[in-house]
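Peer 1: only geometry, no sequence info:
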């Protein structure tokens, strides 16, 4: 299991397995966000199966599949709402990249400094420097740039 800290309360990971949940709970995670569409995984790793196992481990679980087509500003805003649930929060997808991209865009929407956003992503192992123009544009549109 590869959990990466993006902030003190927001973590990302590649695909999790139900057997990971005791360790996730022991690490202090309180809420899990599934950003991986069911079409990408076998039935034993689909959201419904993980939700059952997550609840059994005493954690909250939210499903918000992200793809290039569904990663809209509205969906990203919803992701950021979920990321504010009881935390720390762990979001997962195939590699953690989509979760980190959603957090980065959402953070720009909320007015966080673009350099700080990129540094947090980098600290978690995700090089998003190529997104700088997008993040700066989102920040300006949000009236924060």
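Peer 2: Thanks, I have it. Model, not experiment: these values are computed from the prediction.

Peer 1: Every contact and neighbour count from this point should use C-alpha atoms.
Peer 2: Noted.

Peer 1: which is the next helix or strand following the longest helix along the chain?
Peer 2: In the chain, taking DSSP state H as the definition, the longest helix is helix 97-109. Next helix or strand after helix 97-109 toward the C-terminus (DSSP states H and E): helix 114-123.

Peer 1: Where do the helices of the protein begin and end?
Peer 2: Along the chain, counting by DSSP H, helices occupy 21-26, 47-56, 73-83, 97-109, 114-123, 132-141.

Peer 1: Need the residues that contact the fifth one.
Peer 2: Helix 114-123 is contacted by residues 5-7, 100, 104, 107-108, 127-129, 132, 135-136, 139 when judged by CA atoms under 8 Å, 6 or more residues apart in numbering.

Peer 1: now those: which count as buried?
Peer 2: 5-6, 100, 104, 107-108, 128-129, 132, 135-136, 139 (16 or more other CA atoms under 10 Å).

Peer 1: tell me the pLDDT at residue 86?
Peer 2: If you check residue 86, the pLDDT there is 76.

Peer 1: ah, wrong one, I meant residue 145
Peer 2: On the pLDDT scale, residue 145 gets 46.

Peer 1: sorry, back to before: which other helices and strands contact the longest helix of the chain?
Peer 2: With contacts taken as 3 or more CA pairs under 8 Å, 6 or more residues apart in numbering; DSSP states H and E, helix 97-109 sits against helix 73-83, helix 114-123, helix 132-141.

Peer 1: so can I have a markdown table of those helices showing distance to residue 57 and mean pLDDT?
Peer 2: Formatted as a markdown table, those follow (distance: least, CA to CA, whole Å; pLDDT from 0 to 100):
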| stretch | distance to residue 57 | mean pLDDT |
| --- | --- | --- |
| helix 73-83 | 19 | 93 |
| helix 114-123 | 28 | 97 |
| helix 132-141 | 36 | 92 |
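
Peer 1: Export these to TSV and append columns for distance to residue 37.
Peer 2: Below are those laid out as TSV (distance: least, CA to CA, whole Å):
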stretch	distance to residue 37
helix 73-83	14
helix 114-123	22
helix 132-141	24
